[in-house]
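Colleague: below is the sequence, then the predicted model.
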Amino acid sequence: MRSNTTALLLGLLGLPLPAGSRQATSTHPVAQAHTKTAEPEKQRTLSTRVVAYDIAARLDPAKHAITASETLIYHNLTGQPQKQFPFHLYLNAFQPQSTFMTEVRRDDPDYSWKPEHYSAIKITQFEATGMGDLTNRMQFIHPDDNNTADHTVMQVELPTAVPAGADVEFKISFEDQMPEVVARTGYLRDFYMIGQWFPKVGVWWKGAWNCHQFHHDTEFFADFGTFDVKVTLPQNEVVGTGGDLVSTTNNSDGTKTLTFHSEDVHDFSWGASPSFTDVEDTWTGSAGTVKIHVLMSPGNMDTAPRYVKTAKDSLTLFDQWIGPYPYDRLTIIDPPHGGFQAGGMEYPTLVTADTAWYMPKGALFPELVVVHEFGHQYWYGMVATNEFEEAWLDEGINSYTETKIMNALYGKSTSVGNFPFAQLGEDDSQRFTYLGRPDLDPLTRFAWLFYDDRSYGEITYGKTTVVLLTLEKIIGEDTLRQALHTYFMRYRFTHPTGSDFIRTVEEVSGKDLHWYFDQAVSGTEMFDYSILDAHSDPLKWWETSSHPSSPKDELYRTYVTVRRNDDFIFPVDVRIRFDDGQIVDEHWDGRDRWKRFTYDRNSEVESAEIDPDHQIWLDRNFYNNSYLVDADKRATKKLSNIWGFASQFLAQLFSWLA
Ligand SMILES: [Zn+2]
């Protein structure tokens, strides 16, 4: 989730950056395209189906409330008997004393409570088939912070354990009070985005229940399964969901009941509004045809073709680069004016976008949000990592693939903002995000344990992108793409970890990369290399009055010194230019604090530059990467190329904006 508003701001600022070449978009064939209809469902499913939810919900638009009954069949694949079952009750996060709101207020003491943001989910009855009514056995638990006022996780203890391999059926009645849109869910006027709205069982993972409280900076984690969802609401509502429409029934009371089915997913969400316009399209890829529904809010229709084009482009490039999209649908919900809190969010086969009626064509914000949220169908939807504990694996890898796709579609230097007077590319935009506060938290921190919301966002999104862009220098862009493809094909429909990702990259690249990942992923080492010195001196410096007749006969000793200013150790390339046009490329392992290169030549040094191909995006100061010797050959002074200067300037700007 989380729209990259920083990118938008920078794009709208429209500060100039020099052109870069359009990214090469080499592709590889998808190793094993999945076909949806080849085998009967019973014999082979995409995922190991742990859960089967059957939910019947009725929306009361007057009260912004939902009453629902849920039947959940949980398949005990934990390998041991289970007596305790924890459930997420996410909608209880939007209450003043919740952990979520406490963290919001901690990070922003100016945040004031808005009563219309109150929401709640209340379980009115809880049964387990064969065990009777267990409503009195429910209790709230607070595994993360002992905040007894937090009611986002409920646990129930069964009277008898569910044997390993057996199913247990829960029958749950619940009521939702929806908030005015906050944190991706709720209502605004006649618009509804219904997410995280039903009691959702935790995940048995690494030998224990994993069911964290809902925090300001955490997202979600759930097992795969099937969803059969009935939604009853007024007949004039236009509805979009993360499921296939199975049937529509008009009821005598003026409502209708829509029945949806979805499988091999781990969540189900829906949106509704009588004001939506349903823009339909289709796309066909290696796994078949995908029906696209874009539900547009009034006033935003100009953006509809941009959403559709971006969705199809994203489907195409993910299909080519990463792997097949195996679902037959994709729904994009466009929140109404003022509803940005509902925008920029991902659910399986349903995403929310974001735009504004005044969005100029050169501000590629609507495109960026769709590419980002669509990418989550892969990094979250199918590769279902634990977003509470390893957010970099979904938001970070997704921000990297978003960057590559935006660059491929809209040009490397113009993929965020493209105006006649200024351009901005996403590589730079992601780096500015990373530069905001690069040193407080490693990528691997549990999401709610980051220093604050800002550090979480800048590290999880920005730094992961920059870490992977810099990894391209070590293993190559094509190899990294191949590694992502392998990682996806191997771990889709499972819950892999950071170790699985790193192992896959090492395997595909054939390189031991622990030296890099230990610093870049698990560490907080800062990265800055600089040219400390570059100058030339006549070898016979004492013969001041006896210069040779031709200056070119004079021998000079040239010194170039490269310095590692920070703790991050990384091999660097250095390019040295002499005034006779000769170029010398050096390589330094970067282990010591500095390295001096010395040359005796008939020419003097003109410039020295670290990372001349501009691949080390982790370097937090580009300004000191190059050294241009002054033309008068006596003094040297630091100059930066325009690229480095502009980046540095924008980084400063960013720190004021964030
Ligand atoms: Zn995201």
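Modeller: Looks like it arrived, so ask away. Please read these numbers as outputs of a predicted model, since none were measured by experiment.
Colleague: what about the helices in the stretch 301-450 of the chain?
Modeller: 304-321, 365-375, 395-410, 426-435 (DSSP state H, counting those that start in this stretch).
Colleague: could you give the angle of the third one to helix 426-435?
Modeller: Think helix 395-410. Helix 395-410 and helix 426-435 meet at an angle of 150 degrees, taking axes from the mean of the first three to the mean of the last three C-alpha atoms, to 10 degrees as the criterion.
Colleague: and helix 395-410, how far out from the chain middle?
Modeller: Here the centre of mass of C-alpha atoms in helix 395-410, compared against the chain's by C-alpha atoms, centre = their mean, to the nearest Å, lies 9 Å away.
Colleague: nearest to the ion, of the helices of the stretch 301-450 of the chain?
Modeller: Among the helices of the stretch 301-450 of the chain, helix 395-410 comes nearest to the ion, with 4.7 Å by C-beta to the ion. (Each C-beta comes from the backbone N, C-alpha and C, glycine too.)
Colleague: elements contacting that closest one?
Modeller: helix 304-321, helix 365-375, helix 426-435, helix 464-475, helix 477-491 (3 or more C-beta pairs under 8 Å, 6 or more residues apart in numbering; DSSP states H and E).
Colleague: how about TSV for these, with mean pLDDT and distance to residue 218 added?
Modeller: Putting the helices and strands packed on helix 395-410 into TSV (pLDDT from 0 to 100; distance: least, C-beta to C-beta, whole Å) gives the following:
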stretch	mean pLDDT	distance to residue 218
helix 304-321	98	25
helix 365-375	96	18
helix 426-435	94	19
helix 464-475	98	16
helix 477-491	98	21
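Colleague: possible to save the ones you listed as JSON lines with distance to the ion and mean neighbour count?
Modeller: Putting these into JSON lines (distance: least, C-beta to the ion, whole Å; neighbours: other C-beta atoms under 10 Å) gives the following:
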{"stretch": "helix 304-321", "distance to the ion": "13", "mean neighbour count": "20"}
{"stretch": "helix 365-375", "distance to the ion": "6", "mean neighbour count": "27"}
{"stretch": "helix 426-435", "distance to the ion": "13", "mean neighbour count": "26"}
{"stretch": "helix 464-475", "distance to the ion": "11", "mean neighbour count": "23"}
{"stretch": "helix 477-491", "distance to the ion": "16", "mean neighbour count": "19"}
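Colleague: reformat those as JSON lines; add distance to residue 240.
Modeller: Below are the helices and strands packed on helix 395-410 laid out as JSON lines (distance: least, C-beta to C-beta, whole Å):
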{"stretch": "helix 304-321", "distance to residue 240": "13"}
{"stretch": "helix 365-375", "distance to residue 240": "14"}
{"stretch": "helix 426-435", "distance to residue 240": "28"}
{"stretch": "helix 464-475", "distance to residue 240": "30"}
{"stretch": "helix 477-491", "distance to residue 240": "26"}
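Colleague: how many other residues sit next to the closest residue to the ion within the stretch 151-300 of the chain?
Modeller: Residue nearest to the ion within the stretch 151-300 of the chain: residue 219 (8.1 Å; C-beta to the ion). Residue 219: 22 surrounding residues under other C-beta atoms under 10 Å.
Colleague: and it, how far from residue 385?
Modeller: Computed as C-beta to C-beta, to the nearest Å, the residue 219 to residue 385 distance reads 10 Å.
Colleague: shared neighbours of the two, anything?
Modeller: Here residue 219 and residue 385 have residue 394 as joint contacts, going by C-beta atoms under 8 Å, 6 or more residues apart in numbering.
Colleague: now the helices for the stretch 51-200 of the chain?
Modeller: Using DSSP H, counting those that start in this stretch, the helices of the stretch 51-200 of the chain run over 99-107.
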